[in-house]
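[1] next comes the sequence, and after it the predicted model I'd like to discuss.
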There are 2 protein chains.
Amino acid sequence: MACVRSVGRRGGVQFFSVYYNSKSLLMSSMGGSADENLETKEMNVRSLSSSNGQEPYVHKVGIPPRQNLFKEFQSTVKETFFADDPLRSFKDQSKSRKLILGIEAIFPILSWGRTYNFTKLRGDLIAGLTIASLCIPQDIGYAKLANLDPEYGLYSSFIPPLIYAVMGSSRDIAIGPVAVVSLLLGTLLQSEIDPIANPVDYRRLAFTATFFAGITQATLGVLRLGFLIDFLSHAAIVGFMGGAAITIALQQLKGFLGIQKFTKKTDVVSVMYSVLSSAHHGWNWQTIVIGAVFMAFLLSAKYIGKKNPKFFWVPAIAPLISVVLSTLFVYLTRADKHGVAIVKHIERGINPSSVKEIYFTGDYLGKGFRIGIVAGMIALTEATAIGRTFASMKDYQLDGNKEMVALGAMNVVGSFTSCYVATGSFSRSAVNYMAGCETAVSNIVMSVVVFLTLEFLTPLFEYTPNAILATIIISAVINLVDYKAAILIWKIDKFDFVACMGAFFGVVFASVEIGLLIAVSISFAKILLQVTRPRTAILGKIPRTTVYRNIQQYPEATRVPGALIIRVDSAIYFSNSNYVKERILRWLMDEEEQVKGDYQTRIQFLIVEMSPVTDIDTSGIHALEELFRSLQKRDVQLVLANPGPIVIDKLHTSNFAAMLGEDKIFLTVAEAVAYCSPKLAEDP
Amino acid sequence: MACVRSVGRRGGVQFFSVYYNSKSLLMSSMGGSADENLETKEMNVRSLSSSNGQEPYVHKVGIPPRQNLFKEFQSTVKETFFADDPLRSFKDQSKSRKLILGIEAIFPILSWGRTYNFTKLRGDLIAGLTIASLCIPQDIGYAKLANLDPEYGLYSSFIPPLIYAVMGSSRDIAIGPVAVVSLLLGTLLQSEIDPIANPVDYRRLAFTATFFAGITQATLGVLRLGFLIDFLSHAAIVGFMGGAAITIALQQLKGFLGIQKFTKKTDVVSVMYSVLSSAHHGWNWQTIVIGAVFMAFLLSAKYIGKKNPKFFWVPAIAPLISVVLSTLFVYLTRADKHGVAIVKHIERGINPSSVKEIYFTGDYLGKGFRIGIVAGMIALTEATAIGRTFASMKDYQLDGNKEMVALGAMNVVGSFTSCYVATGSFSRSAVNYMAGCETAVSNIVMSVVVFLTLEFLTPLFEYTPNAILATIIISAVINLVDYKAAILIWKIDKFDFVACMGAFFGVVFASVEIGLLIAVSISFAKILLQVTRPRTAILGKIPRTTVYRNIQQYPEATRVPGALIIRVDSAIYFSNSNYVKERILRWLMDEEEQVKGDYQTRIQFLIVEMSPVTDIDTSGIHALEELFRSLQKRDVQLVLANPGPIVIDKLHTSNFAAMLGEDKIFLTVAEAVAYCSPKLAEDP
């Protein structure tokens, strides 16, 4: 056999390297150097009219014009990091114009601000007031989740929205503290510092984490690594969010039942234990009554809003109303004397500076950094999901990387002004959209309201019972448990469902970090599985066509006797080249077992449909050669159909095309079959 | 717009979850539950004869018979872990037969032993003697690389080959210590324990590492995780091997130049420094003379073997000859008195037991474990590469996982009998093959010779100059620098070349571990790139056919005015769904920019060719929906061509098919175009 001989010619100790790369050397040893080959690239048009009746016109498999290395490299980089072509608008503009465009790119407000008008303002005003009424009680509650004093929640709803309004490009997102991130931050931080025993250091670490969360987000944006967050699959997010919601709701039982001493852990087991163990003496019936009443109120408000979109504002302002009413009630009845826990004190005045509080040295720096990355990534995922959803609803484009820079800058500035990690809130963004917001101005309106609250209204919250905050949070997060989505995921993709449930149970029974870890690792496992075990399919001819399709999908498709047509459904890379080779050979063996003895239908041609093979690397080429050689030994001819541009190019540079015989590469399966069938006929 | 309205119907705070999973809810909100839909799966055959001239027969896109969940899961697992169908031979056999087959599966010698005959024995005998003559001097040298006494090299060529002969299934591989693994083990071990200061603990750690290397290999085999080593791409291995060879050769300068004090580091810089710094006084000219002479001898022997395969045995036995001659020479001239370093002493007798020397407790356990895993993996990669190459040359099947179990068992037993990590040697395996080995018996022959050497001949090595060992190693490893392969890799795949060079320079300038790390990470980066940024292509009609192909590859292909045909070249998963969506929209925008104003050729249909889209997950479905909605806003119709079995199934379960309209899914692009073109014609 040609290639074996050509190897046989090499000898002695040096030989092993020949073997080690026998494949590569084989290639150069037959058909000479690859360069010789370059001019033979264009395959000449052949007509098989002689060899069979229906005179098919056989087309040459085209080779794309060769790109020079730099171009190739450039295009790869572009597709990877600048897939969205952010500089599109800068093309052929004057220098000054470019500068202006650049500034506008960083501060979109300059571009949309020019066209801003009264009608838009009205929409934004209404929306802004609505989300403000929703965010104030939520902020106070969420701050508790992060083990911070209530005012820090409000701080985080004042500065960050302003920054985002100037730099962000989403029109519907509502910025501020959110439940999941608050919980995540809370758990991560208190595993380092005890918030009760050492509140100052705890807060300082919180700001440090916020700072690095911002840095992480901005960096990802600047380095155009936005696609990294795509590695957290939708299914995983659904599971994670659901789990987080359950965990958050369980945490609220403390406030809702008026329990004094409550576990620090967040997993369902220890929470339920400390709830039940305190059942006899630890619960406070007055608190429960208040909580229950307003829970009923909030849920019915929500029901109304759900039934009739016109009343979307009912559930939106219900929380504020219940805060006002419950506060009044407690104030009048002095229920706090009967063990109903109240907010007591919210620091008056706007955000103090916290620049000096951030740890830029010491071993808290590292901890803050670690926590910041995690919190930053999650916040990013949430914001991006919201941004994309609304962008696709209103059909405007969002530059993911630019968004990240905006969010990052917002959190960095936030960390200097006593805010903790803020991001886009699902609930408030939805309300914002429903209330008819037009631009990010609604965020400005909201932050103005928060400002006024901080300046003048904080004393009014003194008698607000914690039970109400708990109730508001529960009724808010309950919607994060998206069982409908879970069911759909189950229907569509079982593997996704595993990721979803893994994340869910990980969060509920272990902790947020564990859940997150599970989600990410399952997502990666899926990718690896995809690249190691690509699908292959046997093709058959669809009646009354020249189309060849998977016979599993089209049972009516008829197979060509004497020829086995296999489609490989993936790029052939080192990670799967061996599998692909062996899988094809196994198809062949199964086939031969079936037609054993019957010489008529003995397989003489193996046609590999390469359409889905978008790329091939050196390992892939070697696999093809090994396949070719095994087939030669079996006296089966290898035929290729429709290799793509990159593949055909590499088949030539590697000389495999020459080794195989260029007349065995066809444009379509149909033509490959047309080439084989006459030879099959000739056979005894 | 239908879907937007149907979302609009939901309101209030609950709303945000609608948004967050708006896509999924959308699906269930239109066309009702997915189950309703199952009976509408079969798309009825439509004829477009009315709408255009050529009366194309439109075929329904088939949906494969629904597998139940268990079957689905089962087949996935099978393809992942049992792709090679190892139980094939066990099918429908009697219990007793199964037992026998099982035993034979573990000890293949039982099956091929039965048919063993004299002719085979002759071949094996010759081959065995040849590799023995090659391995003995190599073993002594390689042991030095691992900072162990020479006898340990010989030990490792005695027991492991025996075990492999009984359990292994490759007929050509020659087992024993090899250069790269010895070097790797040496560097890893001496970073933990100083071999000169503390030889006993060092040796114990070596055995521990060997033990865990064996365990790792066996475990991978048993758990059918053999495919994991495929993640080290061929390119990376070429680079790594080349780098290791250079490093090893440089290490030999110590022995070759007779330098007394030599650096512990392996990177080229520090090695060259300590070589040059010792140039004036540190070198020993007698040593250099001996080395140079025999180097010339070995290289010319190699040249002869290369020129004429008949003389393959010349380079094979040259090392032993040069050992004998040089030893004699030194003995007669007593050159050792003039500073020519000699082997001095090799322990006489066969392997002592080392069971008690292995660290099963203490903190060396962990270190041994870590080192063992790395060394085990590399040894595995080398052995597998050899096994596969020869199997494909002689065209017999190798069960990779079974091989791993054999290699693992061999190293575990080895670790109990004072051997260090052994594996398949490229050089000796090649010679083995050339010498006409028939079965693993050649390994037994070799180990018998080694046994005799250990029992009787060790004293003869007393006066063997280290320079010779250095020379032998240099001339052996030089072939690992496979520049031909590197050039070919450069030609075929630039990215592979980067991996190759990364590994090479990592090893040469930093250390073996670093090189390995670089190789693996670049390989992974490639995979991630592949799954995040799949290719897309614009298709055109090839003249005189109904075939649509990439217009970059086929410049003659003509585009259909008013319709944009895009092929997506990968499964659509969470990792790329967003990119795919945005990329398609960008194609459309670029297109619209070009035809701006010209209403005639305004794009009205976007045909997505789905042939290469082998799978889609929930994120992918969402991306399609977002695409669908954005297109609706642009008043462009989305049309799908040839979705695969899994995809079409998921399009239905997710109700996207209903949302899109089932009459917009076609078997081929040609039919999709046939459906669009008349509508385009009607247009003003």
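    Received, thanks.

[2] dead centre of chain A: give me the residue that sits there.
    residue A:230 (2.6 Å; CA atoms, centre = their mean).

[3] wait, what's in contact with that one?
    Each residue near residue A:230 by CB atoms under 8 Å, 6 or more residues apart in numbering or on different chains is listed here: B:532, B:574-579. Just so you know, the C-beta spots here come from the backbone N, C-alpha and C atoms, and that holds for glycine as well.

[4] again, but for residue A:605
    Residues near residue A:605 by CB under 8 Å, 6+ apart: A:562-564, A:636-637, A:639, A:676, A:679-680.

[5] among those, name the buried ones.
    A:562-564, A:636-637, A:639, A:676, A:680 (16 or more other CB atoms under 10 Å in any protein chain shown).

[6] so which of the contacts of residue A:230 are in helices?
    If you go by DSSP state H, these have B:532, B:577-579 in helices.

[7] let me have these in CSV, adding pLDDT and distance to chain A as columns.
    Shown next, in CSV, are the ones in helices among the contacts of residue A:230 (pLDDT from 0 to 100; distance: CB to the nearest CB, whole Å):
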residue, pLDDT, distance to chain A
B:532, 83, 5
B:577, 88, 8
B:578, 86, 6
B:579, 88, 6
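
[8] how about the residues you listed in a markdown table, adding neighbour count?
    Formatted as a markdown table, the ones in helices among the contacts of residue A:230 follow (neighbours: other CB atoms under 10 Å in any protein chain shown):
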| residue | neighbour count |
| --- | --- |
| B:532 | 21 |
| B:577 | 25 |
| B:578 | 23 |
| B:579 | 22 |
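
[9] just the closest of these to residue B:374, please.
    Of all the ones in helices among the contacts of residue A:230, residue B:532 has the smallest distance to residue B:374: 28.8 Å, by CB to CB.

[10] distance of residue A:487 from residue A:336?
    44 Å (CB to CB, to the nearest Å).

[11] then residue A:176?
    28 Å.

[12] which one's more surrounded, those two?
    Between residue A:176 and residue A:336, counted using other CB atoms under 10 Å in any protein chain shown, residue A:176 has the larger neighbour count: 31 against 16.

[13] phi, psi of that one?
    Residue A:176 adopts backbone torsions of phi 160, psi -180, taken as degrees, to the nearest 10.

[14] can you tell me the closest non-neighbouring residue to it?
    Nearest non-adjacent residue to residue A:176, counting by CB to CB, 6 or more residues apart in numbering or on different chains: residue A:157, 4.2 Å away.

[15] now the stretch 301-450 of chain A against chain B: closest residue?
    Per CB to the nearest CB, residue A:305 is where the stretch 301-450 of chain A lies closest to chain B, at 2.3 Å.

[16] ok but that residue is inside a helix, no?
    Yes - counting by DSSP: H, G, I helix; E, B strand; the rest coil, residue A:305 falls inside a helix.

[17] pull the number of nearby residues for it.
    With other CB under 10 Å as criterion, residue A:305 counts 25.

[18] wait, it sits on residue A:314?
    Yes - using CB atoms under 8 Å, residue A:305 makes contact with residue A:314 at a distance of 5.1 Å.

[19] next, the distance between the ends of stretch A:90-97.
    Its first and final residues considered, stretch A:90-97 spans 8 Å by CA to CA, to the nearest Å.

[20] next, the buried residues of that stretch.
    Neighbour counts over stretch A:90-97 (16+ other CB under 10 Å) mark no residue as buried.

[21] wait, does it make contact with chain B?
    No - contact of stretch A:90-97 with chain B (CB under 8 Å from any CB of the partner chain) is absent, the minimum separation being 11.0 Å.

[22] how far away is residue A:87 from chain B?
    13 Å (CB to the nearest CB, to the nearest Å).

[23] shouldn't that residue be within a strand?
    No - per three-state DSSP, residue A:87 lies outside any strand segment and is helix.

[24] isn't residue A:132 right up against residue A:446?
    Yes - counting by CB under 8 Å, residue A:446 is a contact partner of residue A:132 at 4.4 Å.

[25] the more surrounded of the two?
    Ranked by neighbour count (other CB under 10 Å), residue A:132 and residue A:446 place residue A:446 first, with 32 against 26.

[26] take the buried ones among the contacts of residue A:605 and keep only those in helices.
    Of those, the ones assigned to helices by DSSP H are A:676, A:680.

[27] and the stretch 201-350 of chain A, which of its residues are near chain B?
    Neighbours of chain B within the stretch 201-350 of chain A, by CB under 8 Å from any CB: A:227, A:230-235, A:238, A:241, A:301-302, A:304-306, A:308-312, A:314-316.

[28] I am finished for the moment; much appreciated.
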